[in-house]
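Undergrad: Build me a model from this:
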Amino acid sequence: KAINDYPHLFEEEPGIFLSVLSNTIYVGMRLGKWKDAFAYLEQLRAYPATLQDRLNEDLEIRLFALGKSTELTLYAQSGEFEKGLEIIPEIRLGLGAFNDHLSNVRKAHFYFNIAVIYFGLEQYHEALKWVNKLLNNVDIDKTKDIHCIAQILNLVIHLELGNKELLPYTMRSTQRFLQTRNKVFEFETIMLDFVNEMLKKRTSKTNDSLYADLEKQLEALKGNPFEQFVFEYFDFLSWARSKVSGKKFREQLAA
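TA: Next comes the predicted model:
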């Protein structure tokens with residue numbers, strides 16, 4: 001049975017239906033069932049049209065916060081970066097209109113996934129702008145995992161841009177931030193050690209061998225249940241593999 005086989009259960013509480021659809025798409029993403037996730041996304045996109053006579057500000061905010069956040073995340077995770085790019089203007093309008101009604105965590109997820117969309121399209125300067133928007137927002141709780149992952153993605157973007165002069169400063173800043181957290185994940189150590197080696201450029205280690213080492217370490221890490229959450233934000237393993245294979249990041253995601 002599908003969710004929409006029971007419309008009577010949600011007539012009085014459209015927000016609940018929205019939450020159920022959003023959670024179903026999220027589960028589909030986690031299980032790698034992309035076809036199912038996109039099928040439910042079509043229902044999510046069509047849902048607002050059924051609410052025209054009941055729309056109010058609270059429901060509009062929820063439709064944006066849950067609906068567009070879920071849609072953007074699905075495009076970012078699946079590698080459908082052009083589709084993500086198409087809805088960024090609408091999301092920017094929503095961020096402006098509903099700014100005071102959105103939680104800081106919700107804003108952080110919007111900023112992060114917009115950065116991933118631009119990263120996947122190799123528009124690294126735009127990606128950097130949105131990551132910095134997240135990192136420099138003083139209202140976003142820096143203890144949240146997404147802030148940590150954004151710190152690491154920031155380093156990766158600087159690598160892609162070849163910002164060798166900025167990288168040492170960014171690296172030290174990231175290290176200081178991570179030292180203030182009560183928990184340290186192996187993923188953080190692996191990525192920081194990798195960037196550190198890239199900066200040192202020892203003659204015995206080529207870029208190719210460093211990326212190959214990183215791929216092996218991240219592949220082993222993906223099986224660790226305590227570290228899997230990292231890859232729910234950004235597929236660092238596919239990025240490392242793209243460097244080893246010579247493919248574009250988006251091509252590696254689809255492989």
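Undergrad: May I have the phi/psi pair for Gly32?
TA: Gly32 adopts backbone torsions of phi 70, psi 20, taken as degrees, to the nearest 10.
Undergrad: do you know how far it is from Glu227?
TA: 18 Å (C-beta to C-beta, to the nearest Å). No exception for glycine: its C-beta is placed from N, CA and C like everyone else's.
Undergrad: between these two, which one's more packed in?
TA: More neighbours surround Glu227 than the other of Gly32 and Glu227, with 17 against 10 (other C-beta atoms under 10 Å).
Undergrad: ok, that one touching Leu221?
TA: Yes - using C-beta atoms under 8 Å, Glu227 is in contact with Leu221, at 5.0 Å.
Undergrad: what touches both of these two?
TA: Glu186, Phe187 (C-beta atoms under 8 Å, 6 or more residues apart in numbering).
Undergrad: burial count for Leu55?
TA: Neighbour tally, Leu55, other C-beta under 10 Å: 12.
Undergrad: who are the neighbours in contact with the closest residue to it other than its chain neighbours?
TA: Nearest non-adjacent residue to Leu55, counting by C-beta to C-beta, 6 or more residues apart in numbering: Pro48, 7.7 Å away. With contact set as C-beta under 8 Å, 6+ apart, Pro48 has these partners: Leu55, Leu63, Gly67.
Undergrad: helix, strand or coil for the first one?
TA: Read that as Leu55. coil (DSSP: H, G, I helix; E, B strand; the rest coil).
Undergrad: Report the separation between it and Thr180.
TA: On the measure of C-beta to C-beta, Leu55 and Thr180 end up 43 Å apart.
Undergrad: repeat for the second one
TA: The gap separating Leu63 from Thr180 is 37 Å, by C-beta to C-beta.
Undergrad: wait, Pro168 sits on Lys200?
TA: No - contact criterion C-beta under 8 Å: Pro168 and Lys200 do not qualify, at 10.5 Å.
Undergrad: neighbour-wise, which of those two wins?
TA: In this view Pro168 and Lys200 are compared by other C-beta under 10 Å, and Pro168 has more residues nearby, 13 against 10.
Undergrad: OK, contacts around the more buried one?
TA: Counting by C-beta under 8 Å, 6+ apart, Pro168 has contacts Leu199.
Undergrad: so where does it fall, helix or strand?
TA: helix 167-179 (DSSP states H and E).
Undergrad: Give the buried residues for that helix.
TA: Leu167, Thr170, Met171, Thr174, Leu178 (16 or more other C-beta atoms under 10 Å).
Undergrad: ok, these vs Lys243, which is closest?
TA: Leu167 (16.2 Å; C-beta to C-beta).
Undergrad: any low-confidence regions in the stretch 1-150 of the chain?
TA: For the stretch 1-150 of the chain, applying pLDDT under 70 flags the ranges 1-13, 138.
Undergrad: Check which helices and strands the strand or helix carrying Tyr118 is in contact with.
TA: Secondary structure assignment for Tyr118, by DSSP H and E: helix 104-120. Helices and strands touching helix 104-120, as assessed by 3 or more C-beta pairs under 8 Å, 6 or more residues apart in numbering; DSSP states H and E, comprise helix 69-78, helix 81-97, helix 124-135, helix 145-161, helix 249-254.
Undergrad: could you dump these to CSV with mean neighbour count and distance to Ile190?
TA: Compiled in CSV, the helices and strands packed on helix 104-120 are given as follows (neighbours: other C-beta atoms under 10 Å; distance: least, C-beta to C-beta, whole Å):
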stretch, mean neighbour count, distance to Ile190
helix 69-78, 22, 21
helix 81-97, 16, 26
helix 124-135, 19, 20
helix 145-161, 20, 10
helix 249-254, 17, 18
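Undergrad: Tabulate the ones you listed (TSV), appending distance to Phe231.
TA: Output for the helices and strands packed on helix 104-120, formatted as TSV (distance: least, C-beta to C-beta, whole Å):
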stretch	distance to Phe231
helix 69-78	10
helix 81-97	17
helix 124-135	18
helix 145-161	10
helix 249-254	12
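Undergrad: Right, I'll leave it there.
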